[in-house]
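Novice: What would the 3D arrangement of this be:
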Amino acid sequence: MRYISILILTFAFTACHVVLDIADHTNNSNDGCGNGIREIGEACDIDDLNNQTCQTMGYQFGALSCNAQCEFDTSDCDVLLNICGNAIVEAGEQCDSNNLGGATCDSLGYGSGDLSCLDCYFNVSGCSEAPTCGDEIIDAPAEECEGTDLNGSDCGTLGYAGGTLACDELCHFDRSGCSGGTCGNGTVDTGEECDGSNLNQSSCELLGFSDGGTLSCSDSCTFVTSECAGGGTCGDGTLDTTEECDGTDFNGETCVTQGFPGGSLSCSDQCTIDTSTCDPLAQCGNSIVETGEECDGSNLGGGTCGSLGYWFGALDCSSCSYDETHCRDAVVSGTAAHDLTYSSVITPAGEIIQAGYVSGTSFYGHTALGGEDCVLIKYNLDGTVGWTAQWGSSENDRVLGLAQDQNGNLYAVGQTFGVMDGQAHAGSVSRLAEAHRSVVCRDHRPKGILDLALNGWAVRLEPQHA
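Specialist: Numbers count the residues shown, from 1 in each chain. Now for the predicted structure:
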């Protein structure tokens, strides 16, 4: 500041010394924009940002600065969010707070009056020619829809992944039934390739353009490759050096080489391998028999003791592997006394029939006849008992042989030491005379008729008894 001294003469020749304060703007470093002091009419001044940040300006992150005109510079802020109420008219908003974007009742075609903003939609209730919601006529921009008439829009056209779009009582879209993200929120949601400046870590090179370039995102959240250059294009069916796949060309890769048990690979829109269609890795305990598992929980995958080579039993599962503890190749039958099997046959169906004798008093509900009684027992394929037969005299009787003919008839032969069906044995019971013991012939026919034959006995069971 310079001070100029002026001498003023009066008629009395009395001198007055007046000092005037004259601002020197040619050397000013303290007043106006750029002096670091935020003054009236300035949004900011150098480092004085009035406590504002990128976040308060509606961005996710970044560094807010002040330009030479003392206005906010958001060029270093990233990912603009759609925030209703931040006084910034963003994508999907007609207005925000008092920011009407220059619109008036007249400019919108609704006559005169006072236009306002409600939930980031134009509130035309104060306009002289405001439309009527509910008249089945969509009057844009104040109305987006009318009743069930959505004007051709759905959740997908509004940038959502899916869901059901509706119309509210103000004739605005009701997005509450939509799912997934919204194009323009800075987040790459399902169905989006990109969103704003968020390119989902993609680039021209990753999309198959060998000479690079600048990748950008459209308003519909799809890649804009017009500024990319060189090389092939993802989706042309030709595998380029920067692509993992293209169309059906996976460069020899399969689900198996990707570490999965099987399935078919897919190729994404960015020409990267998509393994979501591969068979899932085995998870023991989910009751699904997957690759590498024999069973899972109660799901035995069709396996049985029989399919594993056993005769019968209950197959179990342990840690997704077969537990054969209760599978069996043998079964014990008989009484509490001395019992013996002499012969057996296998039926055409694979069932086992055994013949012998028992000397106890309880054999599958039969009444003991005395001494040793002749018995037959048939085992089903699962090891359970199909049927039994017991007969004899009051003395010792045994089945010593069993045969089956081509028609499935069974023939049992043996010896008796007593009187069987009125016929007494004809020989000695001593060891030396053992070969001369009497043999009787017996035939189990449907009506149970008993026939006696020459020196021996036999049991013939027709197929329906087997």
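
Novice: I'd say Gly303 and Asp323 touch.
Specialist: No - counting by Cβ atoms under 8 Å, no contact exists between Gly303 and Asp323, whose distance comes to 10.7 Å. No exception for glycine: its C-beta is placed from N, CA and C like everyone else's.

Novice: who touches both of the two?
Specialist: Taking Cβ atoms under 8 Å, 6 or more residues apart in numbering as the contact rule, Gly303 and Asp323 both touch Leu315.

Novice: Now do the strands in the stretch 101-250 of the chain.
Specialist: With DSSP state E, counting those that start in this stretch applied, the stretch 101-250 of the chain shows strands at 116-118, 121-123, 162-163, 166-167, 173-174, 178-179, 216-217, 223-224, listed in chain order.

Novice: In CSV, list these along with mean pLDDT and distance to Gly365.
Specialist: Supplementary listing: these in CSV, determined by pLDDT from 0 to 100; distance: least, Cβ to Cβ, whole Å:
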stretch, mean pLDDT, distance to Gly365
strand 116-118, 91, 89
strand 121-123, 90, 88
strand 162-163, 80, 68
strand 166-167, 94, 74
strand 173-174, 90, 76
strand 178-179, 78, 68
strand 216-217, 90, 84
strand 223-224, 86, 82
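
Novice: of all these, which lies closest to Ser343?
Specialist: Across the strands of the stretch 101-250 of the chain, the minimum distance to Ser343, taken as Cβ to Cβ, is reached by strand 162-163, at 73.5 Å.

Novice: From the chain's centroid, how far away is the closest one?
Specialist: Relative to the chain's own centre, strand 162-163 is displaced by 19 Å; criterion: Cα atoms, centre = their mean, to the nearest Å.

Novice: Tell me the strands beside that strand, with direction?
Specialist: Here strand 162-163 is paired, per DSSP bridges, with strand 178-179 (antiparallel).

Novice: Please enumerate residues in contact with the strand it pairs with?
Specialist: Cys155, Leu158, Tyr160, Ala161, Gly162, Gly163, Thr164, Leu165.

Novice: so how far is Leu170 from the first one?
Specialist: Per Cβ to Cβ, to the nearest Å, Cys155 is found 19 Å from Leu170.

Novice: These two: which is more packed in?
Specialist: Cys155 (21 against 18; other Cβ atoms under 10 Å).

Novice: from memory the more buried one sits against Leu165, does it?
Specialist: Yes - proximity of Cys155 to Leu165 meets the contact threshold set by Cβ under 8 Å, at 4.9 Å.

Novice: Distance-wise, check Asn299 relative to Glu290.
Specialist: Separation of Asn299 from Glu290 (Cβ to Cβ): 10 Å.

Novice: Need the strands of the stretch 101-250 of the chain in JSON lines (columns: mean neighbour count and distance to Val332).
Specialist: Shown next, in JSON lines, are the strands of the stretch 101-250 of the chain (neighbours: other Cβ atoms under 10 Å; distance: least, Cβ to Cβ, whole Å):
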{"stretch": "strand 116-118", "mean neighbour count": "17", "distance to Val332": "88"}
{"stretch": "strand 121-123", "mean neighbour count": "19", "distance to Val332": "86"}
{"stretch": "strand 162-163", "mean neighbour count": "14", "distance to Val332": "65"}
{"stretch": "strand 166-167", "mean neighbour count": "18", "distance to Val332": "73"}
{"stretch": "strand 173-174", "mean neighbour count": "18", "distance to Val332": "75"}
{"stretch": "strand 178-179", "mean neighbour count": "17", "distance to Val332": "64"}
{"stretch": "strand 216-217", "mean neighbour count": "19", "distance to Val332": "78"}
{"stretch": "strand 223-224", "mean neighbour count": "18", "distance to Val332": "75"}
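
Novice: So which of those is nearest Tyr411?
Specialist: Taking Cβ to Cβ as the measure, those were each checked against Tyr411, and strand 162-163 came out nearest at 75.5 Å.

Novice: So for stretch 239-250, mean pLDDT?
Specialist: Along stretch 239-250, the predicted confidence averages to a pLDDT of 83.

Novice: Off-centre distance for it?
Specialist: Using Cα atoms, centre = their mean, the distance between the centre of stretch 239-250 and that of its chain works out at 27 Å.
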